[in-house]
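Participant: pasting a predicted model and its sequence here:
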Amino acid sequence: MKSIAVIGYGVIGKRVADAINLQDDMKLLGVCDVISDWRIQNAVRKEYDIYAATQEAADKMKSEGISVKGNMQELLEKSDLVVDCTPKKIAVQNVAIYKEQNIKFILQGGEKHETTGHSFSAENNYKSAINIDATRVVSCNTTSILRTLTALKKADLLDYARGTLLRRATDPWESHLGGIMNTMVPEKDIPSHQGPDAKSVDPDLDVITTAIKVPQTLSHLHYWNVKLKKQASKEEVLNAFKTSSRIKLIQYDQGLVSNNTIKEMFLDMGRPWGDMYEVALWEDMLKVHGDELFYAYVVDNQAIVIPETIDAIRALTGIETDGAKSIAKTNESLGIH
Ligand SMILES: NC(=O)c1ccc[n+]([C@@H]2O[C@H](COP(=O)([O-])OP(=O)(O)OC[C@H]3O[C@@H](n4cnc5c(N)ncnc54)[C@H](O)[C@@H]3O)[C@@H](O)[C@H]2O)c1
């Protein structure tokens, strides 16, 4: 049983902590943060051991009646692996501490590939992460790109892919602080960073992305134009996507006509926070025209990297050397069917 620490109990960290807690081959040792408000009270309610990243944070937590188990160093000393879910610029500073402590670590997509030298997407490169010291679970958008293009690649259908990403402006809980309203903000640079980022996992992919920020908070929406290696039928393409357990084919004709209706369905399903770990790809919208393929999907940015992180823990600690088995185990625990 491997002992896992989570540093940063925010949007991603709290979900990763719960997901670790659901596994029978790893143990959540504790969560570490600097906050002392309602956000960390969620961890108190769940009876997680709470560690403070700084002395100042420890004092504040104690003054709020939070029982502090120890400091970050003490948590790391007891752990086999740490998942750092702090914001960018902070995680990168923690890397020196993890290396000094000689502890395996996983960073999230806000960090650069160079920080770990390995980037992870379970269905693509699980094998290359087995027993290594560090990886970066790529961002929500990049994870969706890799899942979909890997499925096409494995079916020997993929020549090249060009995608346009409509990106949510901010996370729901922070929408009082920022985000855009009544406008759309295109990214100046083409390609946007997500296409090149997918190549940090799979350098062979020929993928170019453009991106635009849109005024809503629920999820991202991607439109893709793919050049296939040969003329194919819609059925062949769908069969390729069906080989991924983390792509969910959805029907526009079933009333799933927007990102808010999709979110509502996942809330109805009883998923925590209405989380959608899968890429929701419209089956009836998908079109094949000769050797050209067109499709669109929705990405729940807050949820999609959670199963990936659990698989990355199994790979790095070596508790499962078969990627397919890890994916199946993670899926079962999170209700991905
Ligand atoms: N939010 C998303 O949709 C999303 C999706 C995919 C990947 N990511 C990536 O995940 C990472 C975390 O993002 P997030 O959205 O969860 O951020 P967040 O701001 O919601 O949470 C970060 C947490 O880290 C804590 N923190 C800050 N400084 C700390 C320190 N020194 N020690 C310990 N804890 C500290 C904060 O208090 C907060 O609770 C980033 O790399 C981000 O790019 C985010």
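Facilitator: That came through fine. Residues are numbered from 1 along each chain as shown.
Participant: now do the strands in the stretch 101-250 of the chain.
Facilitator: With DSSP state E, counting those that start in this stretch, the ranges of strands along the stretch 101-250 of the chain come out as 104-107, 119-120, 134-137, 158-168, 185-186, 207-214, 220-228, 247-250.
Participant: just send these back as CSV, with distance to Arg314 and mean pLDDT too.
Facilitator: The way it works is simple: take the backbone N, C-alpha and C, and place the C-beta from them, glycine included. Formatted as CSV, the strands of the stretch 101-250 of the chain follow (distance: least, CB to CB, whole Å; pLDDT from 0 to 100):
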stretch, distance to Arg314, mean pLDDT
strand 104-107, 11, 98
strand 119-120, 11, 98
strand 134-137, 12, 98
strand 158-168, 27, 98
strand 185-186, 38, 98
strand 207-214, 27, 98
strand 220-228, 27, 98
strand 247-250, 21, 98
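Participant: most tightly surrounded among the ones you listed?
Facilitator: Neighbour counts (mean count of other CB atoms under 10 Å) averaged over each of the strands of the stretch 101-250 of the chain peak at strand 119-120, with a mean of 30.
Participant: in whichever strand or helix holds Ala96, which residues are buried?
Facilitator: If you go by DSSP states H and E, Ala96 is part of helix 91-101. Buried residues in helix 91-101, defined by neighbour count with 16 or more other CB atoms under 10 Å: Ala91, Val92, Asn94, Val95, Ile97, Tyr98.
Participant: and for the second one, nearest residue in space, chain neighbours not counted?
Facilitator: Here the nearest residue to Val92 in space, its sequence neighbours aside, is Thr115; by CB to CB, 6 or more residues apart in numbering that works out to 5.6 Å.
Participant: and for the first one?
Facilitator: Closest residue to Ala91 in three dimensions, ignoring its sequence neighbours and counting by CB to CB, 6+ apart: Asp84, at 4.6 Å.
Participant: contacting residues around that neighbour?
Facilitator: Ile7, Gly8, Ala91, Asn94, Tyr98, Phe105, Ile106, Leu107, Gln108 (CB atoms under 8 Å, 6 or more residues apart in numbering).
Participant: if we can go back for a sec, can you check the pLDDT for the residue nearest to Val92?
Facilitator: For Thr115, the model assigns a pLDDT of 96.
Participant: next, count neighbours for it.
Facilitator: Using other CB atoms under 10 Å, Thr115 has 16 neighbouring residues.
Participant: so who does it touch?
Facilitator: Contacts of Thr115 by CB under 8 Å, 6+ apart are Ala91, Val92, Val95, Leu107, Arg136.
Participant: the first one and Thr116 touch, don't they?
Facilitator: No - at 10.1 Å, Ala91 does not count as touching Thr116 under the criterion of CB atoms under 8 Å.
Participant: re the thing from before, and the ligand, which of the contacts of Asp84 contact it?
Facilitator: Among those, the residues lying close to the ligand (CB under 6 Å from any ligand atom) are Ile7, Gly8, Gln108.
Participant: out of these, which are buried?
Facilitator: Buried, going by 16+ other CB under 10 Å: Ile7, Gly8, Gln108, out of the ones next to the ligand among the contacts of Asp84.
Participant: closest to Ala315 out of these?
Facilitator: Gln108 (15.7 Å; CB to CB).
Participant: now do the contacts for the closest one.
Facilitator: Ile12, Asp84, Cys85, Ala91, Arg136, Val137, Ser139, Val305, Thr309.
Participant: hey, which helix or strand in this protein has the poorest pLDDT?
Facilitator: helix 91-101 (a mean of 94; mean pLDDT, DSSP states H and E).
Participant: give the helix, strand or coil label for Ser3.
Facilitator: strand (DSSP: H, G, I helix; E, B strand; the rest coil).
Participant: now the residue in the stretch 1-150 of the chain positioned nearest to the ligand. Nearest residue, chain neighbours left out?
Facilitator: Residue of the stretch 1-150 of the chain nearest the ligand, by CB to the nearest ligand atom: Gly10 (1.7 Å). Leaving aside its sequence neighbours, Gly10 sits nearest to Cys85 (CB to CB, 6+ apart; 6.4 Å).
Participant: okay, now that neighbour: neighbour count?
Facilitator: The burial count for Cys85: 28, using other CB under 10 Å.
Participant: do Glu77 as well
Facilitator: Neighbour tally, Glu77, other CB under 10 Å: 11.
Participant: state the distance from the closest residue to it other than its chain neighbours to Ile7.
Facilitator: If you skip the residues right next to it in sequence, Glu77 has Gln101 as its closest partner in space, 7.4 Å away by CB to CB, 6+ apart. Gln101 sits 12 Å away from Ile7, going by CB to CB, to the nearest Å.
Participant: now do the shared contacts for those two.
Facilitator: By CB under 8 Å, 6+ apart, no residue touches both Gln101 and Ile7.
Participant: per-residue pLDDT, Lys88?
Facilitator: On the pLDDT scale, Lys88 gets 87.
Participant: which residues are in contact with the closest residue to it other than its chain neighbours?
Facilitator: Closest residue in space to Lys88, ignoring its immediate chain neighbours: Gly110 at 3.6 Å, by CB to CB, 6+ apart. Neighbouring residues of Gly110 by CB under 8 Å, 6+ apart: Pro87, Lys88, Ala91, Ser139.
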